[in-house]
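1. Have a look at this fold, sequence not included:
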């Protein structure tokens, strides 16, 4: 009987400790979630402040910028002073230039802008390149024939002190070089629409919103061998009452692609996207794929992590 009481007392103590542990674990988790939410809120505030800071700001150009084609042939190109609008793109030397450039998508955007404006909007690319051979290869590979400026001394940056984030190193400026829109239209289709709206005065058509359900927003691709490829299937289910119409999909770099053979998802229907990652340098990686369409959230961003090697 005494042994039973001892065991009962020990069990009660154990349960009490477990209860306290669970409460502490729940409290810590709640605090972490609050901190994450706070960080996200702070990030949004920082971005809003950045946009307000650059809205209407004048972009200053070097007095005599030298433009080339394929980083080889100097061309007698001068920045058009009379153009009502100009698209200005600054590309620093941080990270993988090929990944963040995505010149094929820039060519699509340039073609659409040319079509909407009769080719009256010049695109000015300024590169702060540490490896001209690599840049020459990228330009030739993607057959990017527009003149580009190789800003060897980084004079363009020193005149303007652009934001550090690649997302905010592209600008639509007016005749007086004042910023009308800040943001990279290649990495964000909402910014793509803002550029076109400013240039044409026409807003993008709006469709009734629906809702997409995805198993998870984060995917762990695990270990990927050097120069290897890893694929992940993403399932999208339309749980709303309206037809989902895909506007487009963007990826954070050229090493990540998204394949699909559909443009719409009917209510109750499920479709798939195959995301493929081509391994680059050894080490940890994080890539994103963003889906755009007539959904309540406007866009859904998926994250893919893993390690090369």
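-> Okay, I see it. All values derive from a computational prediction rather than experimental measurement.

2. And the pLDDT for residue 127?
-> The score at residue 127 is 93. That number is its pLDDT.

3. Where does the prediction get shaky in this protein?
-> Within the chain, the segments meeting pLDDT under 70 span 1-43, 95, 98, 203-205.

4. Now do the closest residue to residue 148 other than its chain neighbours against residue 241, distance only.
-> In space, and not counting its chain neighbours, residue 148 is closest to residue 125: 4.3 Å by CB to CB, 6 or more residues apart in numbering. (Glycine included, C-beta is placed from N, CA and C.) To residue 241, residue 125 is 44 Å away according to CB to CB, to the nearest Å.

5. what does residue 71 give?
-> Noted for residue 71: a distance of 53 Å to residue 241, by CB to CB.

6. Please identify which of those two sits among more neighbours.
-> Applying other CB atoms under 10 Å to residue 71 and residue 241 shows that residue 71 carries more neighbours, namely 19 against 11.

7. wait, isn't that one in contact with residue 134?
-> No: the criterion here is CB atoms under 8 Å, and residue 71 misses it with residue 134 at 9.5 Å.

8. which residues touch stretch 92-100?
-> By CB atoms under 8 Å, 6 or more residues apart in numbering, the residues outside stretch 92-100 that reach it are 91, 127-131, 134-135, 138, 157, 162, 166, 169, 252-255, 280.

9. buried ones in it?
-> Using 16 or more other CB atoms under 10 Å as the test for burial, stretch 92-100 gives 92, 97-100.

10. next one: stretch 100-118
-> The neighbour-count check on stretch 100-118 (16+ other CB under 10 Å) flags 100-103, 105-106, 109-110, 113 as buried.

11. again with stretch 202-213
-> In stretch 202-213, counting by 16+ other CB under 10 Å, buried: 210, 212.

12. Give me the distance between the two termini of that stretch.
-> The first residue of stretch 202-213 is 31 Å away from its last residue (CA to CA, to the nearest Å).

13. List the contacts of that stretch.
-> The contact list for stretch 202-213 (CB under 8 Å, 6+ apart) reads 193, 196-197, 236-245, 265, 267, 291, 293-296, 300.

14. what sits against residue 280?
-> Residues counted as contacts of residue 280 (CB under 8 Å, 6+ apart) are 96, 99, 255, 308.

15. tell me the SS of it?
-> At residue 280, secondary structure determined by DSSP: H, G, I helix; E, B strand; the rest coil is coil.

16. ok, it to residue 145 distance?
-> According to CB to CB, residue 280 stands 26 Å off from residue 145.
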